[in-house]
Every structure is written in C-alpha cells, then in structure tokens.
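Participant: Quick one, structure for this:
(chains A, B and C)
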Amino acid sequence: MKITDELLDYVGILARLHISEEEREKTKEEISKIIEYMDRLNELDTRQIEAMSHAFPVKNVFREDVVQPSVDREEIILNAANKKEGCFKVPKAVE
Amino acid sequence: MEFETVLGLEVHTELATDTKIFCSCSTEFGGEPNTHVCEVCSGMPGTLPVLNKKVVEFAIRTGLATNCEITRYNKFDRKNYFYPDLPKAYQVSQLYLPICQNGHIDIEVNGVKKSIRIKEIHMEEDAGKLIHDPWDDCTLVDYNRCGVPLLEIVSEPDFSSAEEVIAYLTKLKAILQYTGVSDCKMEQGSLRADVNLSVKPVGSKELGTRTEMKNINSFKAIARAIEGERQRQIELIQEGKKVVQETRRWDDNKGASYAMRSKENAQDYRYFPEPDLVPIEIDEEWIEQVRASLPELPEAKKERYLSEYHLPAYDVDIITGSKDLVKIFEEAYEVCKNAKEVSNWIMGEVLRLASETSTLPEDISFDAKNLGKLILLVKDGVVNRNTAKEVFEKMFSHNVEPEKYIHDNNLKMVNDDSAVKEVVEKVIAANPDSIAQFKEGNEKVNKFLMGQCMKQLKGKANPAIVTKILDEELSKLK
Amino acid sequence: MELCQMSGLELGKKIKAKEVGVVEATKAVLENIEKREQSYHCYVTVCKEEALAQAEAVQKKIDAGALDSPLAGVPAAVKDNMCTKGMQTSCASRMLETFKPIYTATAVQKLQDAGAVILGKTNMDEFAMGSTSETSFFGATKNPWNQDHVPGGSSGGSAAAVAAEEAFYTLGSDTGGSIRQPASYCGITGLKPTYGTVSRYGLIAYASSLDQIGPMAKTVEDVAEIYKIIAGHDKKDSTSVHQPAPSFTLCPDMKGKKIGIPMEFFGEGIEEDVKEAVYHGAKVYESLGAEVEEIKMPAIGYAIPAYYIAACAEASSNLSRYDGIKYGHCATKYDDLVDLYYQSRSEGFGFEVKKRILIGAFVLSSGYYDAYYNKALQVKALIKQSYDDAFAKYDFLLTPTAPTTAPRVGESLKDTLKMYLSDICTVSVNLAGLPGLVVPCGFDKKGLPIGLQLIGKAFGEETLLNAGLAFQTATDFHKKTPVGKEA
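Facilitator: Predicted structure coming up:
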C-alpha cells in the first residue's frame, strides 16, 4: 500500500519523529516502496499457521526473589543531560 | 428519566515481593530518589529483563483465590508509549495471554448477594514517579518504583452502585492481604483503582458512552468519584449533550473530575510479544503446589467463624474483612479458646481505640496473645472487666504484658472474703441513714451501698463476691 | 611472517612461548591502526592508552600462569554496539555520541576475562541498520580490498579491521547478515551463532529476536576459539539457552557428509562470479568426500519482507528509549516535554534509522498489526519449517553470502529497497535462529572477495566449523590479504 501524508504524520506522532519538508517526499516514496514489497506476503495463505515469536522452545526462565545491591545513583544519572537532586530533570509534565 | 449506572473496575496492586519484576533491585517503599535502581530498571541500552518467579506465583495465588482459570501458556507483550516515568518507552505487560481469566468475586450489599465477574488478571511492571519542582517549574523523575511488579485485575462492568464497588474492593483487598500477595497500602499506592462508568436509562439494553477515571486511591474517594461522575453524565444527557469517551482525573479536594489532556495521545500502544522474554508454561503440578500453599480465604473463614464459633454475622464480616483483625482474633483465641470474648473485645475495645487514635488495622502493634491472656485473667477473676479495659488501653498503646502490668500496678482483684467483709461492715456503719431506709424496705439503697463498697475497694473486688457479702450482712439487719 | 599477519591463534602461541610480548603485539597493531585508519576508518574509537595498560596487565597474568586461553594476550576489537564500561559506545549514531555505559556486555567481559586486549570500538551502520557501513554518523568504512567499495555491513568496521590487520579478530553482531555479509565482502571468516548461544546482555538492541553476537577473524580455527570463549548460558539474558559452554576439537572430515544447495539463494541479481565461486566451493566438498545436492526451499522467497517487518517493528520499540532524558543526544531547543522528545530524536537519528522506526511503528499500528507483523511471524514459522525439513536430510546447507561482491561506495543508499533485497542470502537464517558460517571462497574479476555461507541446524556450530576448517585446509582463499595491494 501507498503511504499517504496523513499516515506518515500519524506514524511520526507514534514514533515521536519529525519528518522535515526536505526529507518528506523521499521518506514517503521509500517507505511506500518497501511496504508495497512487504505486501507480497499476502500471496501466502497463512491461516493455518501459528505466529512464531521465538524460534526455539525456551521457556520458564526465572530469577529467584533475592535482593541484590542497586547501582550507585551517580552512575544512573551519569549520562543524563539535565539532572537535579539525584533525579532526571525534564520540562514540566502536565496531565 | 431514571438512570442506572454501569461500572467496571481495573485495580492495580503492587506485589509484596522483595525484588522488582525484571531485576534484583529492592521494592522497598521510600528511599532517596533513584537509589533502588540499576541498569535494567532504568532502561539502559543493552540491558535485558529476567522474570522474578515469585511474581508468577503471586499471580497464580491471586487467580486461584478469585476463582480464575490459570492460563497454561503465557507471554509478555510490550505496550509502547512515551512518558518520562517509563524509561524504556514501553511497559512490559500482558495483552494477548493474561495469566488469569474468567474468575469472579462474590459480594453482598444490603443483604443482596451478587457475583462480580473478573475478566482477567495480568502481570506488568510499574512506572516511576514524577515530582513537580515548583522552584524550576520542571519535573524531576525518580525510577525507584520502575519495575515494581503489578497485577492488574480487570472486572467485567457488573457493578451498579458505589456500594457494590466498595464491597468488591474490600473483599479483593482482604484476599490480596490474606494470600500475602500485596500489603494493599492505598496511601502508598500499592492498591489503585481505575473506574469505568457509564449511565443509561433504566431498562435500556444499550450501554452508554463510558469514561475512565484513573488512579483513585481511597475507598471514600472512589465512592465520591462515582457519585460525581454519575451526576455529571446524567446532567450532560439531560441537557441533550453527549458523553465523550475519555480518561478523566478525579480531584477529590474539589469534588469534581476533569478530562486529562489527550494531546499527542493517540492511544495506539502497538502491543507486540516481548522478544526479550520467553513464554511461561504453567503445569498442573505448579498450580496444585500454589493451591496447597493458599491460606484459608475470607469466604471460607467467614463460614467457619459462623458455624464453629457461632459469632454474630456482623462481627464476622468486620473481622474477616481484615487480615490484621483475623490475626488478632486467631492469636488471642489460641490462648483463651473463647471466640465470643475475643470477638467482643475486637468489636469493642480494639476498634474503639483504633478509631480514637486513627490507627489502621495493619498498624495495630500489641501482641494479640496478650489479649488472650487478659481474657483469661478476667475469667479467672484476677481482674474485673473495668480494670481489664484500663489494662487493655495500656496494652494497645504500649504493648504491655497484662500479668506484669497488673502486678506492678497493684490492680489485682480483692478476692479475700474477710477483706471484703471488713469493708462492707465499715460501709454499713458509716451509712446509718441508708440502713434505716433499707430497713423500711427501700431496696434501692443496695445499689448505693454496693457503689460505696466498690469505691473503698478501688474497683479491684469481684463484684459478685461484694454483692454476696453485702447481701449477707444486710440480711442480718432485717 | 610479519607479526600482524598472523592469525589470532598463531600470535597466542607465540605469546605463550614468550616469543612475542603482549605489549609488543599491541603496539604493532596500534601502529597499523595509526597508518591505515586514515584510509579505511574501521574504528569509531581507538583506546590506545587503555589498550597498552590492558596489555601490560594481561602480560603479568600470563606470566603468573593465570590465563590459559590460547588467545590470551591477542589484541582484538568489538563493534561499537556492545557496551564497554566507561568507554564510549555510540552505535555509530549521533544519538549516542557521548554515551558511556556503566557496565560491560557479557560477551566482551568474557573476552577480557580470557585475556583479550581491547583496542577499541569498530565502525558500523548506525544502530546496525544497513548493509554497507555507510550510515555511520562518523563516516563510512572503506573496503581494504578496494577503497572505492564498501566493506559491507552492518559490522563493516569489524570485518575491515581484520582484513586490514588493524585487529587480530573482532566481534560483530548479526541481525540479518551483519557479520556474514561484511565477512564475505572483506574476505575474512565470520560466524553468526545459533540464536541464544551467545549472551545478548550489553548488546544494544536492534531487533531483539534476531540479534546475535559472533566472531570475525582470519581463520576458522580462530573463529572456533573465540566462539568457545563467548558462548554459554548467561543468567542475565532470558533468551540465552541453558547449555554448557562449547568444548570441541575440530575434525575436518567431510566423508559421507550430505550438503544441500538451495536454489532460491541463486535468484535474480546474482553475479556470475559469485555463482561460480560458490559452485566451485561445492566441488571442493565433493572432492573431500561429501555428497552435494541441489534442493528447493520456496519459503525463502518471502524471507526479506518477513525479516524487515519483524526487524523494523522491534527496532521501533527498542529505539524508543532514546528520548534525550536519561542518556544520549538531548536537543537544546524545545518548547515543552513532548517537543523535547521530537527534537532529540529527530536530531539524534540518521535518515535510515528514522525510516526503519517509522516502518516499524506502521506495521505495529492499530489496524495493520495482523496484516504485517503477525503475518511476518507466521512466515517466520514457515521458514523455520522449511529449514527443519532440509536438515532432516542434510548435514548443512551451502549458499552464497550475498548475490554480489562489495558494491561501490554510494551506490546502495540510492535505492534502499534494492539494498534490502541484497540480504536475500542471509536474513532467513536469522528468522530461523540458525548458525551461519562464512569462509572466503574466491574473488570476482575486480579482485573483490567472495564468501561461501554454510548454514547449520540449530546448535550445529561444531558441524559448521568442521566444514569450514575442511574448506580452509583444502583452499587458501583465507590466506589472501589486501595489505600491500592497496594504499
């Protein structure tokens, strides 16, 4: 299927990405081409096939409920651009 | 036009595990910001989750206690959205295969029984905390709660009143506490409810448009929020306006709800199976193991208290409604083997003092075995009931041991007949007027004389003995 | 033989015999780096001082008899998408230009524990998204065999570094061919292990269900040795398989082995030189006593769309965490919280990454999930089944690694769909979670290397490595080097 401007804007919102005016046509065209290619899968009848997310039957991997020391707070916020009082600092979050 | 209300609940409860759901950081409440955090729960690049087995066990426990089917083949899914309290920008949850399905909790409101269906229970991770910083007019982010395990318990829209909702929540809370799954401290956010509400004309088959109110954190606030939202929707309809499907926030201080801004909120969470976690297969053996470890649940306990102890239904409801009151009841009963007495003490003194001191049942700290001892001390005539109440106040506030306290404060009942007789004789001698009236046949003075005797004995005498000796002495005067 | 021309095991032997010092070897390779980086740009970061300090420490341990790995003391490099504590780990993205991890990836830690000297972090396509190493924010890597050509990708820096003797061996990661295709383009040996055998802990995710770390080196023996070090269960990775660390002795006996050649790997666009070299490879196996048969695996024709749907979907979710708040690029100009997300992400990611994130968000979005993402997972099951059927009959499969040799610089990104289609030989292996080994098997007319891909059944690394060794015992393509030919 073709990607319309509307759809591109919508996935842009979902992904929190701006598509600049210069890149817009190129993005739309390339994504459309790729999605159209993906549409080939419709040739296959997969109604009887179970979707497979893991290629191997690994299951029931657990950890025991035992506390381990956490990481030093300075390390947790080490790479943050904005911080204050041991916290990450962001513009006001309004609800 | 008459309206009826249709309500559904989504309850989030934080589990009482020691560690988070996908890493070994502590779940302890409080602590300086970002001190219970590691590379996994802060979503550092390259990190991977490993599931805490206890979370699965707690989920199965909850499912069994709420009559659910346990899903044998489980998966986790990612729910994708951007918000600063969610460091990976996805919440690991269960959409397609929740661990428990098709259960129910039975409630009773004003004598009417009703079964509330549970659609599903799923496991997920909690988000962090946002702190508003008025100084910089910004928000500070603390990840301590990130990754604390949650169960989301989703009911069908089976409620028709706030009373039913409260009855259900009370029951659910008791179940979660009994099973040790959660401490359900609403003030710490370990039990939170989202309420879905719609109204429709009485008898109408068609459901109205529903709104959702998020994270209401006290029973009273829930009741008020339901009433407020119900009114708001009815008014809208009566004014010919439409109810908009939206998420609203209940402001309990203002007593009103307002729509949460939905800017950039497409509500398209793009769920897909979490590739970093493997499926969980739960076999019969595991379920039976968990079933065998379940404690007696509120419903069963209630039945037993009624049939075995013959306690009043009201008292049983109150006591079995709280894991903490049950603990007091059972420990005290173990010592004194007198269910009626223990129940009376709990319904009377324990709840009175708790209410007077604003103490929550989980914060009551006296040793319940001592209540059993105190009951025995009353039964054995060591102290009388009034003194016992005094002693209990000290037990409640300072957790004193009753026997020692009675001894140290010289509160033992005077059971020595000669000592009582001495006092009775003194009282008779000191009140000639009363005796004269008695002789004239005025029986009322008995009470007065009895009071005088008890006063002299400082309340420590066994009233039965005093009455007996006073009657003996008076009859000699006739 | 010059020091840097040795294989990892050859150097390891000399270090053990005290004929070469670890510092001496490290200095020699650092000198090569200094000389050749200008031309090839294999590295994002070279940690000269740290490497020399490590070399000294490792030498002491060797002298004390505390290290017994045959690769102890051998200088190596790792792809820049594996976390190294305190050492910049950028994924070749502006987004992580200044990011310093606070922990080290399990695979890298295992190498260090075995006495590897880590020289630095190799260049790659941004967030491993690409087949040419041209999408790196820090500039493209060049193919040491011919600088007008790409080294392949996304582990292009890791492959080129081995070929250019700027490291004795490297680690790469492979989501849809990212170890095997550059190994083929650069004329080296590379192994993509079975999904779940090497811990992904600390590998910055592109597509979690497909990503796998693997070794890249000059010979199959080196690759086998590195594989033994990095493989094994890791309790920090839930998808890591509960298996003891591999311990096997290679035995290159091909008598009676059954090899299948799936025809679908020789479709439209395959170069004649490549086809010839691969069939020549098959002849080599026949001469060693193996039986070779052509087979059909029609499901392979659907591998590319299924792969790109699954990979982009997972990537869109995995890369959502880069928001400018906790780490990584943070925009300096923004209106509010939501805008901070938009600005930081739009500035931090390159075009190809953004495109894949958008595709991923689309295939997962409401109304399209079933038609794309779920369908891709169903096709994945079909492809897995098709491999299971093949392995019921054959010990391993023999295929080209890519339809062509290394494309010219700048050519691939002009038509990205075409670039995606060139992944036809590799992506199905990731979808089915299987191991794939690439060994050099010839050169095209331009003198660019061609790689032979061997695909094994799950956990069949030993079979593959034996087959690879048999091939390298019978041929000397792997001994050819671009060094001295170029520059």
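Participant: use CA for all of it now, contacts and neighbours both
Facilitator: Noted.
Participant: Could you check how far the spatially most central residue of chain B is from residue B:333?
Facilitator: The C-alpha lying nearest the average C-alpha coordinate of chain B belongs to residue B:322 (Cα atoms, centre = their mean; 5.0 Å). For residue B:322, the distance to residue B:333 equals 16 Å [Cα to Cα, to the nearest Å].
Participant: check contacts around residue C:134.
Facilitator: C:124-125, C:140-141, C:150, C:409-410 (Cα atoms under 8 Å, 6 or more residues apart in numbering or on different chains).
Participant: Going through these, which ones are buried?
Facilitator: Burial by neighbour count, judged by 16 or more other Cα atoms under 10 Å in any protein chain shown, picks out C:124-125, C:140-141, C:150, C:409 from the contacts of residue C:134.
Participant: In helices only, show me the residues you listed.
Facilitator: Counting by DSSP state H, none of the members of the buried ones among the contacts of residue C:134 fall within helices.
Participant: of all those residues, which comes closest to chain A?
Facilitator: Nearest to chain A among the buried ones among the contacts of residue C:134, counting by Cα to the nearest Cα, is residue C:125 at 18.4 Å.
Participant: any idea whether the closest residue to the closest one other than its chain neighbours is helix, strand or coil?
Facilitator: Nearest residue to residue C:125 in three dimensions, chain neighbours excluded: residue C:133, at 4.2 Å (Cα to Cα, 6 or more residues apart in numbering or on different chains). At residue C:133 the chain is in coil, as set by DSSP: H, G, I helix; E, B strand; the rest coil.
Participant: The stretch 1-150 of chain C: strands as residue ranges?
Facilitator: Assigned strands in the stretch 1-150 of chain C, in chain order: C:43-46, C:75-79, C:117-122 (criterion: DSSP state E, counting those that start in this stretch).
Participant: Give me the contact status of the longest one with chain B.
Facilitator: No - using Cα under 8 Å from any Cα of the partner chain, strand C:117-122 stays clear of chain B, coming no nearer than 15.6 Å.
Participant: and that strand, which strands flank it?
Facilitator: When sheet partners are counted by DSSP bridges, strand C:117-122 sits next to strand C:43-46 (antiparallel), strand C:75-79 (parallel).
Participant: how distant is the first one from the center of its chain?
Facilitator: By that I understand strand C:43-46. How far strand C:43-46 lies from its chain's middle: 17 Å, per Cα atoms, centre = their mean, to the nearest Å.
Participant: I'd like the average pLDDT over that strand.
Facilitator: Average pLDDT, strand C:43-46: 98.
Participant: List of residues touching it?
Facilitator: For strand C:43-46, the external contacting residues (Cα under 8 Å, 6+ apart) are C:37, C:80, C:88, C:92, C:119-123, C:138, C:157, C:161.
Participant: Can you name the residue of chain C nearest to chain A?
Facilitator: residue C:378 (4.1 Å).
Participant: so what's that residue up against?
Facilitator: Shown in contact with residue C:378 (Cα under 8 Å, 6+ apart): A:46, A:49-52.
Participant: now, the most widely separated pair of those residues?
Facilitator: Distance extremes for those: the farthest pair is A:46 and A:52 at 11.9 Å, using Cα to Cα.
Participant: out of the two, which sits in the more crowded spot?
Facilitator: Neighbours per residue (other Cα atoms under 10 Å in any protein chain shown) separate residue A:46 from residue A:52, with residue A:52 holding more: 20 against 16.
Participant: The more buried one and chain C, how far apart?
Facilitator: As for residue A:52, its distance to chain C is 5 Å (criterion: Cα to the nearest Cα, to the nearest Å).
Participant: shouldn't that residue be in contact with residue C:377?
Facilitator: Yes - with contact defined as Cα atoms under 8 Å, residue A:52 and residue C:377 form a contacting pair (5.0 Å).
Participant: Switch the contacts of residue C:134 over to JSON lines; also include distance to residue B:401 and pLDDT.
Facilitator: Formatted as JSON lines, those follow (distance: Cα to Cα, whole Å; pLDDT from 0 to 100):
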{"residue": "C:124", "distance to residue B:401": "73", "pLDDT": "98"}
{"residue": "C:125", "distance to residue B:401": "73", "pLDDT": "98"}
{"residue": "C:140", "distance to residue B:401": "80", "pLDDT": "98"}
{"residue": "C:141", "distance to residue B:401": "80", "pLDDT": "98"}
{"residue": "C:150", "distance to residue B:401": "84", "pLDDT": "98"}
{"residue": "C:409", "distance to residue B:401": "87", "pLDDT": "97"}
{"residue": "C:410", "distance to residue B:401": "86", "pLDDT": "95"}
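Participant: Can you report how many residues lie near residue C:270?
Facilitator: Using other Cα under 10 Å, residue C:270 has 16 neighbouring residues.
Participant: now swap in residue B:1 and tell me
Facilitator: A count of neighbours around residue B:1, defined by other Cα under 10 Å, yields 7.
Participant: Now do the same for it: helix, strand or coil?
Facilitator: At residue B:1, secondary structure determined by three-state DSSP is coil.
Participant: That one contacts residue B:200, correct?
Facilitator: No - the pair residue B:1 and residue B:200 fails to qualify as a contact (Cα under 8 Å) at a distance of 9.8 Å.
Participant: Buried residues in stretch A:25-44, which are they?
Facilitator: If you call a residue buried by 16+ other Cα under 10 Å, then stretch A:25-44 has these buried ones: A:27-28, A:30-35, A:38, A:41.
Participant: Which of those fall in helices?
Facilitator: Here DSSP H is the test, and these give A:27-28, A:30-35, A:38 as lying in helices.
Participant: could you dump the residues you listed to CSV with pLDDT and distance to residue B:19?
Facilitator: Putting those into CSV (pLDDT from 0 to 100; distance: Cα to Cα, whole Å) gives the following:
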residue, pLDDT, distance to residue B:19
A:27, 96, 45
A:28, 95, 46
A:30, 95, 46
A:31, 96, 43
A:32, 96, 46
A:33, 96, 47
A:34, 96, 44
A:35, 97, 43
A:38, 96, 43
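Participant: Spit out the contact partners of the residue most central in space within chain A.
Facilitator: In chain A, the centroid-proximal residue (Cα atoms, centre = their mean) is residue A:15; its distance is 6.9 Å. Residues in contact with residue A:15 (Cα under 8 Å, 6+ apart) are C:316, C:320, C:357-358, C:361.
Participant: Helices - which of the residues you listed land there?
Facilitator: Counted as lying in helices by DSSP H, out of these, are C:316, C:357-358, C:361.
Participant: Residue B:119: which of these is nearest?
Facilitator: residue C:361 (29.0 Å).
Participant: Look up how far residue B:269 lies from the closest one.
Facilitator: Here the criterion is Cα to Cα. By it, residue C:361 lies 10 Å from residue B:269.
Participant: what are the phi and psi angles of the nearest residue to residue C:244 once chain neighbours are set aside?
Facilitator: Ranked by Cα to Cα, 6+ apart and with sequence neighbours excluded, the top spatial neighbour of residue C:244 is residue C:232, at 5.9 Å. Main-chain torsions, residue C:232, degrees, to the nearest 10: phi 120, psi 160.
Participant: picking that back up, let's see the helix or strand hosting the residue of chain C closest to chain A as CSV, backbone CA atoms only.
Facilitator: Per DSSP states H and E, residue C:378 falls inside helix C:375-393. This file holds the C-alpha atoms of helix C:375-393, laid out as CSV (Å, rounded to 0.1, in the frame of the first residue of the first chain):
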residue,chain,number,x,y,z
LYS,C,375,1.8,-12.2,9.1
ALA,C,376,5.6,-11.9,9.3
LEU,C,377,5.7,-14.1,12.4
GLN,C,378,3.6,-16.7,10.6
VAL,C,379,6.0,-16.6,7.6
LYS,C,380,8.9,-16.9,10.1
ALA,C,381,7.3,-20.2,11.2
LEU,C,382,7.1,-21.3,7.6
ILE,C,383,10.7,-20.5,7.0
LYS,C,384,11.7,-22.4,10.2
GLN,C,385,9.7,-25.3,9.0
SER,C,386,11.4,-25.3,5.6
TYR,C,387,14.8,-25.4,7.3
ASP,C,388,13.7,-28.2,9.6
ASP,C,389,12.7,-30.2,6.5
ALA,C,390,16.1,-29.5,4.9
PHE,C,391,18.1,-30.6,7.9
ALA,C,392,16.1,-33.8,8.1
LYS,C,393,18.1,-34.7,5.0
